[in-house]
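Enquirer: 3D model of this:
(chains A and B)
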Number of protein chains: 2
Amino acid sequence: MSGAAALEAFRRHGGRLAAAAAAFPAAPQPWIDLSTGINPRPYPAPAASRMARARLPDPEALRALEAAAAAFFGAPAGRVTAVPGSEAAIRLLPDLLGARRVAIAPDTYGGHAEAWRAAGAEVVRRPEAAEAWVVANPNNPDGRTTDTGELLASAALRWTIVDEAFVETAPQLSAAAYAGGRLVVLRSFGKFFGLAGLRLGFVVADEDVTARLRARLGDWPISADAIAAGLAAYADTAWADRTGQRLAHGAARLDGLLTRAGLAVVGGTPLFRLARAPDAGAVFLRLARAGVLCRPFEDPQLLRFGLPGRPAEWARIAAALSGDLP
Amino acid sequence: MSGAAALEAFRRHGGRLAAAAAAFPAAPQPWIDLSTGINPRPYPAPAASRMARARLPDPEALRALEAAAAAFFGAPAGRVTAVPGSEAAIRLLPDLLGARRVAIAPDTYGGHAEAWRAAGAEVVRRPEAAEAWVVANPNNPDGRTTDTGELLASAALRWTIVDEAFVETAPQLSAAAYAGGRLVVLRSFGKFFGLAGLRLGFVVADEDVTARLRARLGDWPISADAIAAGLAAYADTAWADRTGQRLAHGAARLDGLLTRAGLAVVGGTPLFRLARAPDAGAVFLRLARAGVLCRPFEDPQLLRFGLPGRPAEWARIAAALSGDLP
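Expert: Have a look, this model is predicted:
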């Protein structure tokens, strides 16, 4: 595969390690995945018991998880619905809300536009012209933020969907406490807690949207393992506090590496950094040949970097970024 | 809770052990759950690795699971889509197929009618008057079967959705090999393989339905644990063969217990038995007080029984059915 073709293949989503290994067969194993914004040091979640895996999840356990999540989010009890990943909610909402014209804040996670287009909606630029507005807060990939006041003002006029997939490192930004009416908030479990493979997310919305969403999901939307992990993690605020500090330190350290390698850090959150460089394509390929996957975008000067985890990962990335490769 | 109220609470779905324990606080623990048709001796599936739980499932792993499932079903490769439980597919199909009038074969799993009504469709009795026909094959709870020829004839005229949640014990009934056009087949992983808590099911359909379904699901519809378990289980045809025989023996043994207790076995599959008794309500309550949950229906003379697992369960059920309680 040519360098340009390889780059193209990784622009849509991060996390495609198998494709990366195929495209760069000479790269050292195991790959280091910086192509997503998932915490590389996951919450030490219990697995579901053998018995829980063997049975349909009990509705009472699901409601208990939703209550624990509501408490963590500061959201009203009864307005929180668990979904098999916030991506599932992103895909369900267009039909559920029924808006035919949606504005999506620019330069954001591509799944939103895909979902609305798949449902036949028209995607426009300005919320004033739309029946629904989608905002990621903080935004992925640039980390820009939107005030709760602006979100509430929008929700007085139209459906306003706030994707808070990365809000745990800046919880004061969250609008979850105000969800209701036409304000719908999406939360992700797997990114901050580092367990994206469990597929767990939440929708915070009023009683009517919640009831219709639950009718679309059926009685057993998430796995026993997701319930067990979420129940433990959302109750462990001490872990969340420590993790917030650790991620902030990691982000600062990564910024140092990127800056010394000639990239300009132009945005991000503690879970990912957005960097600009005139030769970003060459940086992507240099890293890929060292077994490090980062995330390219349509804008050929931008790259996004998640945080490394173990010390050996930091060392390999530092060497690859500085061009100091074996 | 009165006996009548307790019965009412368990008519909609099986599996509600927490509610059962609350309604019958004096019953012995742990409860024995015969209220579903889930194999009580699950496939010894590997858990996902720590690394797989921490990452978004790789699209390549998902496609490999779908290929393994297609081979097990005898279905065309590329027509099989993994979903987070077949219930998720049941809830998505009404909007996806767009039929406004649906016929649902009588006395079947209630989730179908719930899903179509939630999508605003009219549920009618006769397929001749409908744009879609839903059939469970074999049917739950009575085990009645429908010939592939009848399904194909229907699919020539309208959407025909075949819920094969319990087909593994009678694989010759499956229409999965013929899915395509207007024939859509649903498969469940958790029932035969005894791992309902993982939330894994499949839709077998033509390329157009498959593409639209995948657009509704997003790129990561199922968990890393579901992928790991499904990949192992669908490749293990020796386990499936042994399990089919074991379930048939278990069903015959359960029939013996039920018959000796004065119930008439009127239908079922090897994963569940449907029994009739004039005093079915009293039988339900007697079993519940012994910590055994079975499944009542609108028809007050019917009860459905899943298979017990361990020897101690068989003994407690035999004692409770015969009235020989401590």
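Enquirer: what about A:Pro221, distance to chain B?
Expert: Going from A:Pro221 to chain B by CB to the nearest CB, to the nearest Å gives 7 Å. Using the backbone N, CA and C atoms, a C-beta is placed for each residue, glycine as well.
Enquirer: now do the contacts for that residue.
Expert: A:Leu62, A:Ala82, A:Val83, A:Pro84, A:Ala88, B:Pro84, B:Gly85, B:Ala88, B:Arg199 (CB atoms under 8 Å, 6 or more residues apart in numbering or on different chains).
Enquirer: element containing it?
Expert: Per DSSP states H and E: A:Pro221 is located in neither a helix nor a strand.
Enquirer: ok, now how distant is the closest residue to A:Ala205 other than its chain neighbours from A:Val135?
Expert: Counting by CB to CB, 6 or more residues apart in numbering or on different chains, A:Val184 is the residue found nearest to A:Ala205 once chain neighbours are left out, at 4.6 Å. Between A:Val184 and A:Val135 the computed distance is 11 Å (CB to CB, to the nearest Å).
Enquirer: now do A:Trp116
Expert: 14 Å.
Enquirer: same thing with A:Arg100?
Expert: Taken as CB to CB, the span from A:Arg100 to A:Val135 is 19 Å.
Enquirer: go on, A:Phe10?
Expert: A:Phe10 is 25 Å from A:Val135, by CB to CB.
Enquirer: ok, the two, which is more surrounded?
Expert: Neighbour count, other CB atoms under 10 Å in any protein chain shown: between A:Phe10 and A:Val135, A:Val135 has more, with 24 against 21.
Enquirer: quickly list what the more buried one is bridged to.
Expert: A:Val162 (DSSP bridges).
Enquirer: ok, it - contacts?
Expert: A:Ala105, A:Thr108, A:Thr146, A:Leu151, A:Thr160, A:Ile161, A:Val162, A:Asp163.
Enquirer: dump the C-alpha coordinates for stretch A:202-215 into CSV.
Expert: Output of stretch A:202-215 as CSV, limited to C-alpha atoms (Å, rounded to 0.1, in the frame of the first residue of the first chain):
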residue,chain,number,x,y,z
PHE,A,202,-26.0,6.6,28.1
VAL,A,203,-28.7,9.0,26.9
VAL,A,204,-30.0,11.6,29.3
ALA,A,205,-33.3,12.9,28.2
ASP,A,206,-36.8,13.7,29.3
GLU,A,207,-39.4,11.1,30.1
ASP,A,208,-41.0,11.0,26.6
VAL,A,209,-37.7,10.5,24.7
THR,A,210,-36.5,8.1,27.4
ALA,A,211,-39.7,6.0,27.0
ARG,A,212,-39.5,5.9,23.2
LEU,A,213,-35.7,5.2,23.3
ARG,A,214,-36.3,2.2,25.7
ALA,A,215,-39.0,0.9,23.3
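Enquirer: give me the common contacts of A:Val184 and A:Val135.
Expert: A:Thr160, A:Ile161, A:Val162.
Enquirer: by neighbour count, which of those wins?
Expert: Result: A:Ile161 is most packed of the shared contacts of A:Val184 and A:Val135 (other CB under 10 Å), 30 neighbours.
Enquirer: contacting residues around that one?
Expert: A:Leu93, A:Leu97, A:His112, A:Ala132, A:Trp133, A:Val134, A:Val135, A:Val184, A:Val185, A:Leu186.
Enquirer: tell me who's in contact with the nearest residue to A:Phe189 once chain neighbours are set aside.
Expert: Distances taken as CB to CB, 6+ apart place A:Leu200 nearest to A:Phe189, at 3.9 Å, with adjacent residues excluded. Contact analysis of A:Leu200 by CB under 8 Å, 6+ apart lists A:Ala82, A:Val83, A:Pro84, A:Gly85, A:Ser188, A:Phe189, A:Gly190, A:Ile222, A:Ala226, A:Ala229, A:Gly230.
Enquirer: show me those that map onto strands.
Expert: Secondary structure assignment by DSSP state E places A:Ala82, A:Val83, A:Ser188 of the contacts of A:Leu200 in strands.
Enquirer: doesn't A:Leu65 make contact with the first one?
Expert: If I follow you right, that is A:Ala82. Yes: if you go by CB atoms under 8 Å, A:Ala82 and A:Leu65 touch, sitting 5.9 Å apart.
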